[in-house]
Every structure is written in structure tokens, then in C-alpha cells.
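# I need the structure of the sequence given here:
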Amino acid sequence: MTPTQPALFVPHGAPTFALRPGAAGAAIAAAARGLPQPRAIVVVSAHWDTEVPTVGFAGRLETLHDFWGFPDELYHLRYPATGCREASGEVVTAIAAAGLPVRTDGDRGLDHGAWVPLRLMFPDADVPVIPLSIQSRWGTGQAYRLGRALAPLAARGFLVVASGSVTHNLRDFQAAERSGGPIPAYVREFADWLADRLAAGDLAALIDYRRQAPDAVRAHPSEEHLLPLHVALGAGGENAVAHRLHAGIDDYVIAMDAYAFQAP
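Presented below is the predicted three-dimensional model:
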């Protein structure tokens, strides 16, 4: 018997999260240690955004340093992940079975949205990793449907790790960094609204967050960093129960909340 896995939404913060993981890093590492050993990890990163859901098939996944202007030591970090063509094929089949279009990519490595949290959660890199893209053009409903397509894989030992951020406004970060703060009020208000709607199982509000949540457009000028949460919610299965693994704010404006989703 293969233990059924939850689906996880984790923060990846700024790239320096890899060097200073803090409380959020400790929380997601502890969550990973508490899981049964996955057969494979499907990693959904805010930083791989395509027109059509795309599944990675690379045998060895390059560590992509897709950022600029950070400390030199970051560029020397590597996460020696390997893939699994059989597992990637099962992900493709699951997406197609749900009626969604799907493509494959034989070269895609791991961007920092993927390797930074995985390096904290699975430091031995001993579980095959399958990258899967988001489609920010198509919004929350499509992200949730993509997650639901992945839900049957949980019973086969696939762990979905969706990586993004509960709030993500780089302009506000730059302004706060120049002035030394304070944390804008909307950061906590938006994170708490999201936690409340997740606890209530209010899927309609979560899909329509852009109109219903406080300062939603300021919290997410573009949607790509929140959509992985909708993927994880869908991957948790029908009526998935949300467990808040961590709540906190880094770098003035980045809510670092993490969640686990699992069917009741």
C-alpha cells in the first residue's frame, strides 16, 4: 500500500530564503519530515508560466539561477534533483484524463521557486521531481482545475508541492526596503482573509478572491504567485481541508504562509 499524500502550498520568498530560511523554512522542513516517503514530487512553481500545462521530463534537472543582483553564494548553490519519465508520464495522463490540454518539456530544470523550497524540505534530493507549469493567463479557475486533475495521483504516492506567495508586490517591497518599513496593513489583512476562507472551505470566494478579498490587486498586481495555492487546493481533492502550517511575513510585504490540503 502506498500512503496517500497531501498537497502542499509553500512559500519560496526572495531567493535569499535559501540562505536565511528562518521560521518559514523550519516549518516547511518539519512538514516534509512528517510525510510518508513520496514516490515522486510534482513541483508547481510560480516562475514557470506557460500557455498550456507543461510537464517536465528531464532525467537530471538543472538548478536554474533565474535571478540577478543577489549574494554570490546563492549562485553556487545546487539542488541535484533527478526526474522519472514513468512518473512524468503518469502526470501527463492524469491531466489529459481531466480534459485539459497538456504538453511536455524534456529540458526544463528547476527555477528558484522550485529548488529553494525543495532544498529545505528534501535536502537529500532522493525523491524524483516532476516540474509542472502554471498558466497565469487563465486565472484561478483553471489553476484549481489543474490541481483537481492531479488529485488522483495522491493515492499513488505523488506529492504535489506548489510554490508561490500569499502576497507578492515587488514595488511595495522596494519602497519598504528603502524606508525601512513598516509592514503595510494589507499584507496581514489579505493573508488573514485567505486563511479564513480556506478554513471555511469557501471555494467560490477563493476563486473570486480578486473581487472579494481586501486589497487583492495590491497584494497581487499579477496572479502568478497565488495561483499555485489554487493548484494545491485542487490537488487536495474534493472538499479538501486546509491546515495552516505557518503564518508570517518576511521582507516587509511577503506573507510566507504555508498550507497542507487533504480530503476529509
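
# CA atoms for contacts and neighbours, from now on please.
Will do.

# which SS class is residue 27?
Of the three states, residue 27 takes helix according to DSSP: H, G, I helix; E, B strand; the rest coil.

# who does the closest residue in space to it that isn't next to it in sequence bridge with?
Spatially, and ignoring its direct neighbours in sequence, residue 27 is nearest to residue 246 (6.2 Å; C-alpha to C-alpha, 6 or more residues apart in numbering). With DSSP bridges applied, residue 246 shows beta-bridge pairing to residue 258.

# my guess is residue 246 contacts residue 24. True?
Yes. Look at residue 246 against residue 24 with C-alpha atoms under 8 Å: they come within range, at 6.4 Å.

# wait, what's in contact with the residue nearest to residue 27?
Neighbouring residues of residue 246 by C-alpha atoms under 8 Å, 6 or more residues apart in numbering: 24, 27, 28, 256, 257, 258, 259.

# try it again with 7 Å
Residues near residue 246 by C-alpha atoms under 7 Å, 6 or more residues apart in numbering: 24, 27, 257, 258.

# for residue 243, helix, strand, or coil?
Three-state call for residue 243 (three-state DSSP): strand.

# give the contact list for it.
259, 260, 261.

# any idea how far residue 195 is from the residue nearest to residue 27?
Residue 246 is 11 Å from residue 195, where distance means C-alpha to C-alpha, to the nearest Å.

# repeat for residue 117
21 Å.

# so for those two, which residue has more residues nearby?
residue 117 (27 against 19; other C-alpha atoms under 10 Å).

# please settle this for me: is that one part of a helix?
Yes. The assignment for residue 117 is a helix, going by three-state DSSP.

# could you find the closest non-adjacent residue to it?
Nearest to residue 117 is residue 12, by C-alpha to C-alpha, 6+ apart, at 5.7 Å.

# thought that neighbour was touching residue 116?
Yes. If you go by C-alpha atoms under 7 Å, residue 12 and residue 116 touch, sitting 6.3 Å apart.

# quick check: residue 81 vs residue 94, distance?
For residue 81, the distance to residue 94 - C-alpha to C-alpha - is 23 Å.

# what's residue 7 sitting at in phi/psi?
The phi and psi torsions at residue 7 (degrees, to the nearest 10) take the values phi -110, psi 140.

# residues contacting it?
Counting by C-alpha under 7 Å, 6+ apart, residue 7 has contacts 159, 160, 161, 232, 235, 236, 260, 261, 262.

# residue 259 now?
Counting by C-alpha under 7 Å, 6+ apart, residue 259 has contacts 8, 9, 10, 242, 243, 244, 245.

# tell me the pLDDT at residue 1?
According to the prediction, residue 1 has pLDDT 64.

# can you pull out the helices in the stretch 51-200 of the chain?
If you assign secondary structure with DSSP state H, counting those that start in this stretch, the helices in the stretch 51-200 of the chain sit at 85-97, 112-121, 139-150, 170-179, 185-200.

# give me the buried positions along the helix-or-strand element of the chain with minimal mean pLDDT.
Using mean pLDDT, DSSP states H and E, the weakest-scoring helix or strand in the chain turns out to be helix 170-179, at a mean of 91. Going by neighbour count (16 or more other C-alpha atoms under 10 Å), the buried part of helix 170-179 is 172, 173, 176.

# correct me if wrong: the last one contacts residue 250.
No. Under the criterion of C-alpha under 7 Å, residue 176 is not in contact with residue 250, lying 11.6 Å apart.

# quick one on the thing from earlier: possible to save the contacts of residue 259 as JSON lines with distance to residue 218 and pLDDT?
Below are the contacts of residue 259 laid out as JSON lines (distance: C-alpha to C-alpha, whole Å; pLDDT from 0 to 100):
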{"residue": "8", "distance to residue 218": "25", "pLDDT": "98"}
{"residue": "9", "distance to residue 218": "21", "pLDDT": "99"}
{"residue": "10", "distance to residue 218": "21", "pLDDT": "98"}
{"residue": "242", "distance to residue 218": "24", "pLDDT": "98"}
{"residue": "243", "distance to residue 218": "25", "pLDDT": "98"}
{"residue": "244", "distance to residue 218": "23", "pLDDT": "98"}
{"residue": "245", "distance to residue 218": "24", "pLDDT": "98"}
